[in-house]
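Asker: Below are the sequence and a predicted model; questions follow.
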Amino acid sequence: MLVTVHAKGCDERLGLAHSDHDVIVFLADAGLTDPERVLDNPAVVIWQGAEAHSYEPA
């Protein structure tokens with residue numbers, strides 16, 4: 001799954017995630033505090049193209 005952060009009106013690709021851990025690392029590196037606590041918060045993380053926490057190819 002491609003991880004993209006939207007900040008200050010711009011999208012930035014962070015990388016490919018193969019697990020929740022990968023997403024957490026990307027978000028932490030982008031400066032998000034406590035990223036592991038926001039994975040299921042739709043105001044912060046939007047899962048597109050697959051169900052949340054699903055990393056299998058479509």
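Answerer: Nice, I can see it.
Asker: right, and Val3 touches Asp11 too?
Answerer: No: using CB atoms under 8 Å as the test, Val3 is too far from Asp11 to be in contact (10.8 Å). (Each C-beta comes from the backbone N, C-alpha and C, glycine too.)
Asker: So for these two, which sits in the more crowded spot?
Answerer: Using other CB atoms under 10 Å, the more surrounded residue of Val3 and Asp11 is Val3, with 17 against 8.
Asker: So what pairs up with the more buried one in the strands?
Answerer: Beta-bridge partners for Val3, by DSSP bridges, are Gly15.
Asker: May I have the phi/psi pair for Asn41?
Answerer: Per-residue torsions, Asn41: phi -100, psi 100 (degrees, to the nearest 10).
Asker: What is the burial count for it?
Answerer: Using other CB under 10 Å, Asn41 has 9 other residues around it.
Asker: how about Leu36, secondary structure?
Answerer: Quick fix: residue 36 is Glu, not Leu. helix (DSSP: H, G, I helix; E, B strand; the rest coil).
Asker: since we're on it, how many residues are nearby?
Answerer: So Glu36, with other CB under 10 Å, has 13 neighbours.
Asker: Could you do Cys10 as well?
Answerer: 7.
Asker: Number of residues surrounding Pro35?
Answerer: Close neighbours of Pro35, defined as other CB under 10 Å, add up to 19.
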